[in-house]
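**Student:** Structure of the sequence below:
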Amino acid sequence: MKNLVTYFWWAVTFLGTLVIYLVFFAVPSWRFVVIIASVEIICWGIKVFYKKDRPIPYPRTNLYSYIDANSFPSIHTARAAAVGIWLFGPLGLALAAVIGYSRIFLKKHYTIDVVAGAMIGALISTLMLCL
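**Tutor:** Below you'll find the model as predicted:
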């Protein structure tokens with residue numbers, strides 16, 4: 001039963017990411033492109049300068065894995081919050097919450113990583129909606 005639950009949360013993480021990228025390529029909006037690019041740049045920028053290991057540490061073998069091994073903030077959750085708010089308004093945070101929980105359950109992030117990622121994604125998406 002435990003493996004079935006784990007597979008479910010892996011599917012949530014994977015499908016959440018897949019849906020985000022499908023929307024990215026399907027929505028012809030420069031604002032949406034700016035939202036996704038901003039989330040990526042800000043989150044990766046934080047990861048470069050703020051070293052925080054994941055609950056189950058990743059090996060650091062090259063520059064990419066050195067940065068990706070950092071847990072803070074959760075880019076999956078930031079993307080989900082940004083896309084969720086862009087598509088569904090405040091209800092989109094439910095999408096981010098589900099994906100964020102999957103990241104915590106799978107021991108990829110701590111709660112603070114997920115909350116910070118959701119805040120970053122929500123802020124960026126809200127700012128772009130106000131423009």
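**Student:** From the centroid of the chain, which residue is nearest?
**Tutor:** The C-alpha lying nearest the average C-alpha coordinate of the chain belongs to His76 (CA atoms, centre = their mean; 1.8 Å).
**Student:** By mean pLDDT, flag the weakest helix or strand of this protein.
**Tutor:** Sorting the helices and strands of the chain by mean pLDDT, DSSP states H and E puts helix 63-68 at the bottom, at a mean of 75.
**Student:** Just checking, which helix or strand succeeds that one along the chain?
**Tutor:** Next in sequence after helix 63-68, counting helices and strands by DSSP states H and E, comes helix 75-88.
**Student:** Enumerate the positions of that next one that are buried.
**Tutor:** Across helix 75-88, burial judged by 16 or more other CB atoms under 10 Å covers 75-87. The way it works is simple: take the backbone N, C-alpha and C, and place the C-beta from them, glycine included.
**Student:** Looking at these, which is nearest Ile112?
**Tutor:** Thr77 (11.2 Å; CB to CB).
**Student:** Surely Ser74 and Gly117 touch.
**Tutor:** Yes. Contact criterion CB atoms under 8 Å: Ser74 and Gly117 qualify, at 3.5 Å.
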